[in-house]
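**Q** Output the structure for:
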Amino acid sequence: MFVFGQKSITATLQHQDSLVVDRFVAMDNFGALYVIQNNILIKRKDGKEWQYNNLQLGKITSVDILNPLKITLFYEDFNTVIVLDNTLNEIKRIDFNITGEFKNLAAATTANDRNFWIFDTNTQQLEVFNYVQEKTPVQNLPIPEKFITLKSNYNFCRVLTETTLYLYNIYGSLLSQKLLAGVTDFDMTNEEVIFLKDKQLYFTSNDDIYLINLPSERIAIKQFSLHDDILYIYDGVILYQFQFKKPTKE
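**A** Okay, the predicted model is just below:
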């Protein structure tokens, strides 16, 4: 089990901007900002703005911009996943209520090729789902704890439950599981993970865990995102951009 708060690293403020939106999503590899306002996905870059609006599908549950050319948009209320292009035009829609085998999704994110990572609450299983063939080539064993969220990249996926963080690869192998009771959200790159626990952020890249010291305790963490070496924190009115020096093994 991880021990929280024994070590720490300091985050240095690089930039901050006023931002009043319902939700901050992330910044992509090209410097575009993604936010949600009035249940509309908005992309902003260099003074230009693009929008995707589909109010008939209910509230936007999640937006995955891992591939900015094929953005994965998930609507949990209607069990539907949308794929958008880089100007937020819809290029694919999967209604999991009418696929060959009914699946009740709690999450959907981007995987490799033409696949999603999905979590099916009917079976409590993480799956790799091919959205062109509408088939599941990879299915993992059921996870016994209550699902909270998942985050992924093309070849790896982490699943957070009330007690544990699981790491899987695209072939269905469970690579690791770490006890992390009390963690409510996280973000990840290839090997690095940022956790939110008790309104504080922690960083880990191996088995060591570090409290991230922010320059002010007044920064309320509403949403956060890890992109390369940059940590973005949104408090509801300001988007902060932090740099922190990664710990090295002694």
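**Q** I'd guessed Asn79 sits against Ile98; true?
**A** No - between Asn79 and Ile98 there is no contact under CB atoms under 8 Å: 9.3 Å. To be clear about C-beta, it is placed using only N, CA and C from the backbone, and glycine gets the same treatment.
**Q** Between these two, which is the more surrounded one?
**A** Comparing Asn79 with Ile98 by other CB atoms under 10 Å, the one with more neighbours is Asn79, at 20 against 10.
**Q** for the more buried one, what are its contacts?
**A** Asp95, Phe96, Asn97, Lys103, Asn104, Leu105 (CB atoms under 8 Å, 6 or more residues apart in numbering).
**Q** Now for the first one: which residues touch it?
**A** Just to be clear, that refers to Asp95. Phe78, Asn79, Thr80.
**Q** switch to 6 Å and redo it
**A** The contact partners of Asp95, by CB atoms under 6 Å, 6 or more residues apart in numbering, come to Thr80.
**Q** May I see the buried residues of the top strand by length along the chain?
**A** Longest strand in the chain by number of residues (criterion: DSSP state E): strand 7-18. Under the neighbour-count criterion of 16 or more other CB atoms under 10 Å, strand 7-18 has Ala11 buried.
**Q** Just list what it packs against, helices and strands only.
**A** Packing partners of strand 7-18 (3 or more CB pairs under 6 Å, 6 or more residues apart in numbering; DSSP states H and E): strand 210-213, strand 238-244.
**Q** how about 10 Å then?
**A** strand 200-204, strand 210-213, strand 230-234, strand 238-244 (3 or more CB pairs under 10 Å, 6 or more residues apart in numbering; DSSP states H and E).
**Q** Redo the ones you listed as JSON lines? Include mean pLDDT, mean neighbour count and distance to Leu126.
**A** What follows is these, written out as JSON lines (pLDDT from 0 to 100; neighbours: other CB atoms under 10 Å; distance: least, CB to CB, whole Å):
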{"stretch": "strand 200-204", "mean pLDDT": "92", "mean neighbour count": "21", "distance to Leu126": "21"}
{"stretch": "strand 210-213", "mean pLDDT": "92", "mean neighbour count": "18", "distance to Leu126": "27"}
{"stretch": "strand 230-234", "mean pLDDT": "96", "mean neighbour count": "20", "distance to Leu126": "26"}
{"stretch": "strand 238-244", "mean pLDDT": "94", "mean neighbour count": "18", "distance to Leu126": "30"}
